[in-house]
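>>> please find the sequence and the predicted model below.
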Amino acid sequence: MQSHHFRPDIEGLRAIAVLSVVGFHASPNWITGGFVGVDVFFVISGYLITRNIYTGLEKNTFSIGDFYSRRIRRIFPALCLVLLFSAVLGWFYMLALEYRSLGKHIAGAASFIENILYYNEQGYFDESSLNKPLLQLWSLGVEEQFYLAWPLLLWWAHRTRLSLPLVIAVVVTLSFICNVSGGVASSAASFYLVQSRIWELGLGGLIALPVFRRDSTRALSAVSTGSPISRSDPWVEHAYRGAPYVGLSLIFASILVFTKDFWFPGWWALMPAVGAALVILGNPASVPGKYFLSHPVLVWFGKISFPLYLWHWVLLSFLFIIVPEAYGRRARFLAVFASIILSWLTYKYIETPLRSTTSTRIKVTLLAAAMTVLFAFGLGTYLGNGFPGRSFAQNFKSVESAITDWQYPKGLIERSVDGQEFLSTSDAPPTVLFIGDSHANQFQPRIQALFEQKNMPDYAFLTFNGCPPIPGVYEDKHPTCVDFIAKINATLKALPSVMVVVVGGCWNCYFDLETKPVPDVNNFNYVYRSDGREAYFRKGEGAALAMESLWKYLGELSKHYTVYLILDNQMADENDPRQVLRNRLNLYRDDATLRLLPLRPEQKERNATMRTMAERAGAHVIDPLPSLCPDDVCPIFSAPGVPIFKDSHHLRSSYVIDHVRFVDQIQAR
């Protein structure tokens, strides 16, 4: 039965929102700002929910129980189906650690805290997101947390006769301040957490109130029917008719212009959010509303928007997990097409019957029970470590052991001297200090083994992942990088016992991967700043200036210490143990390319360049490539089925302990 609240133009706006998100996930290089569709969704949800609550409050028919009953019948059917599908598919094609993570997120989705879980993990735009089939449910967590508090707030404000527009405006303002405050350091919080997103839902709620209407009776009627509002002032009428044009322009500009490099949401989120509000607030009978947004095709996509939002990412993610070698444009298109079919079937045969008003109590009870079972299964999967006894997990234990093989900082304790914090072997004064990033950390298991054999003096580690040990080099999303060099220098001053400084880093990252014109999957953005000069590594001379800065820094250190520079090991996607599983539908084929890889010439040349630079600065050089890639050929297994790497560029700890003897030359001189 069609609701008297139904506005086809809002269904069309839903379609634009979901199709932009689908487009971004399927083709992020083309639909670069499609992620703003979620912001449009938030405004729509806030508008519809507030309109329904307000109408009920004015008519004295509002019921909290009825509100949540409708929410359950609206959200649970498709969500339960998608969670069940993910659980079944993951059972047959996931490693134990992958399935354990999936179980955690099934439980998180069933309890609507996915946004909080993802806030504590890596970012929405990271490569690792493709390994998370339920990542899209972060926004559902935000909405459901909003739904828990919003009706109670409006009911309380109405009952106490507070100004509803004022209450909502205050909430919107406070939430927006949370969104924009803190800058880079809190960008993940602004993206995922409800307090930084309420303003978008609240903005939709604000425009649902009859605050712009002179005639209260006519305004109330308009809120109930969704019909156009007549305006006597010509300028108001023109603004009312022109609002959809401006709103759609803002939305489409956001979709086409924004990229994942933008600090989002922040101030940028105003464009799609205000755009959505203007479309909703404007005249539905305007040309954009009547002839574009109300087009039957867009209305149809609007009706299946919720299941489509759920299905498309699940299929894309599992496609990447199960057959990463086939994750090309054609396969992604087929996955999106399949998600559209599944969404229509879900809408027609699952959602529509369960959303009807017949046997409401039974439906709500069954849906709540199903969600409870899924929550229990997800929690049990997480606590059961992903059921490692499953056939798939058993067959590929060696791959999983490689992925999880990382021992740093085993054997080290936290120390503080003169306010400088670092990791060291004991309270004894360290003789050797290792500085750098995770590529320095990866050698610590071998260093610890040497220490335990009394072939290495007391040592300390002062490292930050993703932060190059180069003066003047910073990374916009790593606040710790800003003071890294200052912290190193202060620690050296506080530790007069140090005689040897060992410098290590992912030089292939800084001087190759992070200089590409198009951001890599990690989305880092390095910049060189010195004496008022600023040069980015991407599309700039930042990398060249950084290399010169490193040379000078090694020279300064060499005046006071014995300095070692560890050059970089090889980097290649094929190193990743997961590449053994790059086609989980055809796992047992014999593929020689998985065993030996040619050393990339640019990596060999970079090591040669850095060797010359370091020796000119007076540093000793340790080059891993002759050991790891003899005759410029790089094996990726140390024994049949035993990977050397834990990912594409970090050596696994067990291999480091047994084979990385090139670091043994480090000694106090």
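Done, it's in. Numbers count the residues shown, from 1 in each chain.
>>> I figured residue 289 hits residue 283, correct?
Yes. In this structure, residue 289 is within contact of residue 283 by Cβ atoms under 8 Å, at 6.4 Å. All C-beta spots, glycine's among them, are computed from the backbone N, C-alpha and C.
>>> the two: who's more crowded?
residue 289 (27 against 20; other Cβ atoms under 10 Å).
>>> that one in helix, strand or coil?
With DSSP: H, G, I helix; E, B strand; the rest coil as the basis, residue 289 sits in helix.
>>> buried sites along the one helix or strand residue 65 maps to?
In the assignment (DSSP states H and E), residue 65 maps to helix 64-93. Within helix 64-93, the residues scored as buried using 16 or more other Cβ atoms under 10 Å are 67, 69-73, 75-83, 85-87, 89-91, 93.
>>> before we move on, back to that, where do the contact lists of residue 289 and residue 283 overlap?
Residues touching both residue 289 and residue 283 (Cβ atoms under 8 Å, 6 or more residues apart in numbering): residue 244.
>>> which parts of stretch 6-22 count as buried, going by neighbours?
Within stretch 6-22, judged by 16+ other Cβ under 10 Å, the buried ones are 7-22.
>>> and that stretch, average pLDDT?
On average, the pLDDT along stretch 6-22 is 94.
>>> CA-only coordinates of it in CSV, if you can.
Below are the C-alpha coordinates for stretch 6-22, written out as CSV (Å, rounded to 0.1, in the frame of the first residue of the first chain):
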residue,chain,number,x,y,z
PHE,A,6,5.4,9.0,-0.5
ARG,A,7,7.4,11.5,-2.5
PRO,A,8,8.8,10.0,-5.7
ASP,A,9,11.4,12.8,-5.9
ILE,A,10,12.9,11.6,-2.6
GLU,A,11,13.0,8.0,-3.9
GLY,A,12,14.9,9.4,-6.9
LEU,A,13,17.3,11.2,-4.5
ARG,A,14,17.8,7.9,-2.7
ALA,A,15,18.7,6.3,-6.1
ILE,A,16,21.3,9.0,-6.7
ALA,A,17,22.8,8.4,-3.3
VAL,A,18,23.0,4.6,-3.6
LEU,A,19,24.2,4.6,-7.2
SER,A,20,27.0,7.1,-6.4
VAL,A,21,28.2,4.9,-3.6
VAL,A,22,28.0,1.8,-5.8
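>>> which parts of the stretch 151-300 of the chain are helices?
164-180, 187-192, 198-206, 216-225, 234-257, 270-281, 287, 296-303 (DSSP state H, counting those that start in this stretch).
>>> ok, how many other residues are close to the nearest residue to residue 646 once chain neighbours are set aside?
Excluding its sequence neighbours, the residue lying closest to residue 646 (Cβ to Cβ, 6 or more residues apart in numbering) is residue 652, at 4.3 Å. Here the number of neighbours of residue 652 (other Cβ under 10 Å) works out to 24.
>>> pretty sure residue 652 contacts residue 402?
Yes. In this structure residue 652 lies within contact range of residue 402 using Cβ under 8 Å: 5.3 Å.
>>> now tell me what touches stretch 175-192 from outside.
115-116, 118-119, 123-124, 138, 142, 195-199, 202, 263-267, 269, 476-477, 479.
>>> of those, buried ones?
115-116, 118-119, 123-124, 138, 142, 196-199, 202, 264-266, 269, 476-477.
>>> of those residues, which belong to strands?
Using DSSP state E, no member of the buried ones among the contacts of stretch 175-192 falls in strands.
>>> rewinding a little: name the helices or strands packed onto the helix holding residue 65?
helix 96-110, helix 138-159, helix 305-322, helix 329-346, helix 352-355, helix 360-383, helix 391-395 (3 or more Cβ pairs under 8 Å, 6 or more residues apart in numbering; DSSP states H and E).
>>> that helix to helix 305-322, inter-axis angle?
For helix 64-93 against helix 305-322, the angle by axes from the mean of the first three to the mean of the last three Cα atoms, to 10 degrees is 20 degrees.
>>> surely residue 461 is within a helix?
No. Counting by three-state DSSP, residue 461 is not found in a helix; it is strand.
>>> numbering from 377 from now on, please.
Sure, I'll start numbering at 377, so the last one becomes residue 837.
>>> what pairs with it across the strands?
residue 799, residue 810 (DSSP bridges).
>>> ok, it - how many residues close by?
23.
>>> residue 545 too?
That count, for residue 545 with other Cβ under 10 Å as the rule, works out to 16.
>>> I'd like the distance between it and residue 580.
Residue 545 sits at a distance of 13 Å from residue 580 (criterion: Cβ to Cβ, to the nearest Å).
>>> then residue 765?
48 Å.
>>> likewise for residue 984?
59 Å.
>>> if you count surrounding residues, which of those two has more?
Between residue 984 and residue 580, residue 580 has the larger neighbour count (other Cβ under 10 Å), namely 28 against 13.
>>> and for the closest residue in space to that one that isn't next to it in sequence, the neighbour number?
Closest residue to residue 580 apart from its sequence neighbours, by Cβ to Cβ, 6+ apart: residue 422 at 2.9 Å. Residue 422 sits with 30 neighbouring residues when counted by other Cβ under 10 Å.
>>> wait, a strand at residue 422?
No. Assessed with three-state DSSP, residue 422 is helix; it does not lie in a strand.
>>> show me where pLDDT drops low in the stretch 527-676 of the chain?
558-562, 587-614 (pLDDT under 70).
>>> OK, contacts around residue 423?
So residue 423 contacts 386, 580, 581, 583, 584, 653, 656 (Cβ under 8 Å, 6+ apart).
>>> go on, residue 1003?
Contacts of residue 1003 by Cβ under 8 Å, 6+ apart are 1035, 1036, 1037, 1038.
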